[in-house]
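Participant: Next come a sequence and a model predicted from it.
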Amino acid sequence: MVDSLFRLALSITGNRQDAEDVVQDTLFKVWKKKDDWDAIDNLEAYCYRSTRNIALDKLALKENQQEAWNDQFDIPEATANAHEQLEANEQMAQLEDAIRRLPEKQRTVFQLREVEELSYKEIAESLHITEEQVKVTLFRARQKLKAFFEQ
């Protein structure tokens, strides 16, 4: 669960340190509400929603302070030869760039569905939207990514 919260935070903030801070803040927030856990219908969805909100707040604060966005992504593992490795690095960079260019809502839905493999229902609960909105948003995100790679 912590890994998936981290990946969500990283997809929003684009910065490993900020993502770690977001996850820590989320876990602290959830722990402080431990007496209210029985009242929360879906604790996992609550965690995703909290992570998203905290990450967006952190990003907005950073933008308000006019700090540069620090993009840090893992480099793919070494491949059989240098040409394949270079090609893999370029493809990964293009994919990350395309995902980063998606509107925030599409990026979040795409991350939760394709990376975290949450169901439409879980995503809808996490983001307080309908399952139909999740499907439409995911479709639009996929279409934008497809168009990006067809250019």
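Facilitator: It's in.
Participant: use CA for all of it now, contacts and neighbours both
Facilitator: Will do.
Participant: ok, residue 98 - contacts?
Facilitator: Counting by Cα atoms under 8 Å, 6 or more residues apart in numbering, residue 98 makes contact with 145, 148.
Participant: Kindly report the same for residue 43.
Facilitator: By Cα under 8 Å, 6+ apart, the contact set of residue 43 is residue 37.
Participant: Can you read off the pLDDT for it?
Facilitator: Residue 43 carries a pLDDT value of 84.
Participant: how near is it to residue 122?
Facilitator: 11 Å (Cα to Cα, to the nearest Å).
Participant: For the longest helix along the chain, buried residues please.
Facilitator: Determined from DSSP state H, the single longest helix within the chain is helix 43-64. For helix 43-64, burial by neighbour count (16 or more other Cα atoms under 10 Å) applies to 45-56, 58-59.
Participant: swap in stretch 27-44?
Facilitator: Neighbour-count burial for stretch 27-44 [16+ other Cα under 10 Å]: 27, 30.
Participant: gap between the two ends of it?
Facilitator: Start-to-end, stretch 27-44 (Cα to Cα) is 11 Å.
Participant: Repeat that for stretch 7-25.
Facilitator: Stretch 7-25 end-to-end distance (Cα to Cα) = 15 Å.
Participant: Residue 107 touches residue 100, doesn't it?
Facilitator: Yes: with contacts counted by Cα atoms under 8 Å, residue 107 reaches residue 100, the gap being 7.1 Å.
Participant: Report the set of residues contacting both of those two.
Facilitator: Residues touching both residue 107 and residue 100 (Cα under 8 Å, 6+ apart) are residue 11.
Participant: Comparing the two, which residue is more hemmed in?
Facilitator: Ranked by neighbour count (other Cα atoms under 10 Å), residue 107 and residue 100 place residue 107 first, with 22 against 16.
Participant: List the contacts of the helix or strand that contains that one.
Facilitator: Residue 107 is located in helix 104-110, with elements delineated by DSSP states H and E. Outside helix 104-110, the residues that touch it by Cα under 8 Å, 6+ apart are 8, 11-12, 52, 99-100, 123, 134, 137-138, 140-142.
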